[in-house]
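A.B. asks: Mind looking at a prediction? Sequence and model below.
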Amino acid sequence: MSPPTHTEETYSTNSVNLESQLNALNINLNLKNLQETVKLKEEELQKHQRFLRMAKVTSLRSKDPNTQVGCVIVDKDNCIVSVGYNGFPIGVDDDVFRWDKEDPEDNKHLYVVHAEMNAIINKRCATLHDCIVYVTLFPCNKCAQMLIQSRVKKVYYLEDRDELAFRASKKMLDHAKLPYEQVEMPRGKYVFEC
Ligand SMILES: O=c1ccn([C@H]2C[C@H](O)[C@@H](COP(=O)(O)O)O2)c(=O)[nH]1
Ligand SMILES: [Zn+2]
């Protein structure tokens, strides 16, 4: 085999250079894409945290001395279409139907309207189809039923409980393919440092 001619050598050196330049360009492009994706993800997370902070502030209106729950529902344009918190129904007097009664015959759980249900009922739009739900506590099985029936798109929540009502809720949401995601809040920025 004859040694490569000068032209062949130059061609081969140039092609190696070109390849390494293309590789470098590709790496740069990939890095830029990655940075863009990370930025978008970070902005998305901040949006969820902002709405969950609103849900938390909403929860402060609840008179439940044990657990205050707040719920905010937003549409596909990120406009708030409803809010709700756990409370007794309109006209049901807190002084008669007390929050602190231990008696199973007269317990708050028999009367309270859950935050999610209030938000579903209070909606200021025709339908909640494809809306996003932000709630401070994972929805119980009853609320999950209502959210599935309302055809909301996703549930973001802060706190969870390992209790039957919440386990059943997860089972149902999984089966109905309604996704849910727990969101962590930035430290020290929970409610008031908006
Ligand atoms: O999906 C839910 C589950 C519960 N709540 C409300 C109902 C009650 O007022 C409290 C839970 O009281 P505990 O004394 O902690 O059991 O939370 C709700 O709004 N949504
Ligand atoms: Zn509930």
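C.D. replies: Structure's in. What do you need? Residues are numbered from 1 along each chain as shown. Ligands and ions are numbered 1, 2, ... in the order given.

A.B. asks: Would you mind measuring from Glu36 to ligand 1?
C.D. replies: 37 Å (C-beta to the nearest ligand atom, to the nearest Å). Backbone N, C-alpha and C define where each C-beta goes, glycine included.

A.B. asks: What's the local residue count around that residue?
C.D. replies: Counted by other C-beta atoms under 10 Å, the residues lying close to Glu36 total 10.

A.B. asks: One more: Ile121?
C.D. replies: Ile121: 11 neighbours (other C-beta under 10 Å).

A.B. asks: Apart from its neighbours in sequence, what residue is nearest it?
C.D. replies: Gly84 (7.4 Å; C-beta to C-beta, 6 or more residues apart in numbering).

A.B. asks: for the lengthiest helix in the chain, packing partners?
C.D. replies: Secondary structure of the chain per DSSP state H: the longest helix is helix 6-59. Contacts defined by 3 or more C-beta pairs under 8 Å, 6 or more residues apart in numbering; DSSP states H and E place helix 6-59 against strand 70-74, strand 80-85, strand 132-137, strand 154-159.

A.B. asks: and the third one, what's its mean pLDDT?
C.D. replies: Strand 132-137 comes out with an average pLDDT of 98.

A.B. asks: ok, that strand: who's next to it in the sheet?
C.D. replies: strand 70-74 (antiparallel), strand 154-159 (parallel) (DSSP bridges).

A.B. asks: List the contacts of the shortest one.
C.D. replies: Residues external to strand 70-74 that are found in contact with it (C-beta atoms under 8 Å, 6 or more residues apart in numbering): 51-52, 54-62, 80-85, 115-116, 118-120, 123, 128, 131-136, 152.

A.B. asks: Give the buried residues for stretch 129-148.
C.D. replies: By 16 or more other C-beta atoms under 10 Å, the buried positions in stretch 129-148 come out as 131-141, 143-148.

A.B. asks: near ligand 2, which of the residues you listed show up?
C.D. replies: 140, 143 (C-beta under 5 Å from the ion).

A.B. asks: Check the secondary structure at the closest residue to Lys153 other than its chain neighbours for me.
C.D. replies: For Lys153, ignoring the flanking residues on the chain, the nearest one in space by C-beta to C-beta, 6+ apart is Asp130 at 4.7 Å. Using DSSP: H, G, I helix; E, B strand; the rest coil, the three-state assignment for Asp130 comes out as coil.

A.B. asks: ok, Asp130 - contacts?
C.D. replies: Per C-beta under 8 Å, 6+ apart, neighbours of Asp130: 75-76, 151-153.
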